[in-house]
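Engineer: Any chance you can model this:
(chains A and B)
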Amino acid sequence: GQQLNQSPQSMFIQEGEDVSMNCTSSSIFNTWLWYKQDPGEGPVLLIALYKAGELTSNGRLTAQFGITRKDSFLNISASIPSDVGIYFCAGQKDSGGSNYKLTFGKGTLLTVNP
Amino acid sequence: GAVVSQHPSRVICKSGTSVKIECRSLDFQATTMFWYRQFPKQSLMLMATSNEGSKATYEQGVEKDKFLINHASLTLSTLTVTSAHPEDSSFYICSASRSGYGNEQFFGPGTRLTVL
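Structural biologist: Purely as a prediction, here's the structure:
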């Protein structure tokens, strides 16, 4: 199936640093979502974006829905050790009978050194 | 609210046996449930979409006779991996969306299947 292009694949940073990751797609999505997955767990929703150009924050997290509706980025400011995990972007299309299927990026593995 | 559980969390079985995984929405009625498969260090891949009371819709390349999905009630969907083989070993994750609350999917904690 289709996947989103997510980068970087992995990041190793020091505690306190800011982090940025992004996703691009060849097709348009109506909703962009960012999830965090800890080892052996299901993904947890961090931020949802519903409008092109929308910039949304959730604590130290900031995400934007690209104006073309084909891309999104996630920023994490002042990283802390518990930010460690895999971050996934996901696009969602609303096309009536599609039941709002999600298409996931390949993930960004974040490691934070204390 | 919007809690989704899966059972079992881990299962080890012999090749050729069948395994059933349950996905439950604990505090809401899920009109639609989704089943994903995630291989190590890879992303989540949608296997099928399940609506209560109707047949599941499978993604291209997913064998419907091997991965049986039943969504008999608004709070329970089951995935049965029939005649499991080692290549079916994976992390299976379900999600559920609830009627009247937009299109957000709430994910379960996943089930680790190991086929020997």
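Engineer: So for chain B, the centremost residue is which one?
Structural biologist: Geometric centre of chain B, nearest residue: residue B:35, 3.6 Å, by C-alpha atoms, centre = their mean.
Engineer: and chain A, which residues reach chain B?
Structural biologist: A:1, A:3, A:31, A:35, A:40-45, A:48, A:88, A:92, A:94, A:99-107 (C-beta under 8 Å from any C-beta of the partner chain). Any C-beta I mention is one placed from the backbone N, CA and C, and that applies to glycine too.
Engineer: I'd like to know which of those residues are buried.
Structural biologist: Neighbour-count burial (16 or more other C-beta atoms under 10 Å in any protein chain shown) applied to those gives A:3, A:31, A:35, A:42-43, A:45, A:48, A:88, A:92, A:99-107.
Engineer: neighbours around the nearest residue to residue B:30 once chain neighbours are set aside, how many?
Structural biologist: Leaving aside its sequence neighbours, residue B:30 sits nearest to residue B:96 (C-beta to C-beta, 6 or more residues apart in numbering or on different chains; 3.6 Å). Using other C-beta atoms under 10 Å in any protein chain shown, residue B:96 has 29 other residues around it.
Engineer: which residues does residue B:96 bridge with?
Structural biologist: residue B:33, residue B:106 (DSSP bridges).
Engineer: Could you find the closest non-adjacent residue to residue B:26?
Structural biologist: Nearest residue to residue B:26, sequence neighbours excluded (C-beta to C-beta, 6+ apart): residue B:3, at 4.4 Å.
Engineer: Look up how far chain A lies from that neighbour.
Structural biologist: Residue B:3 is 11 Å from chain A, where distance means C-beta to the nearest C-beta, to the nearest Å.
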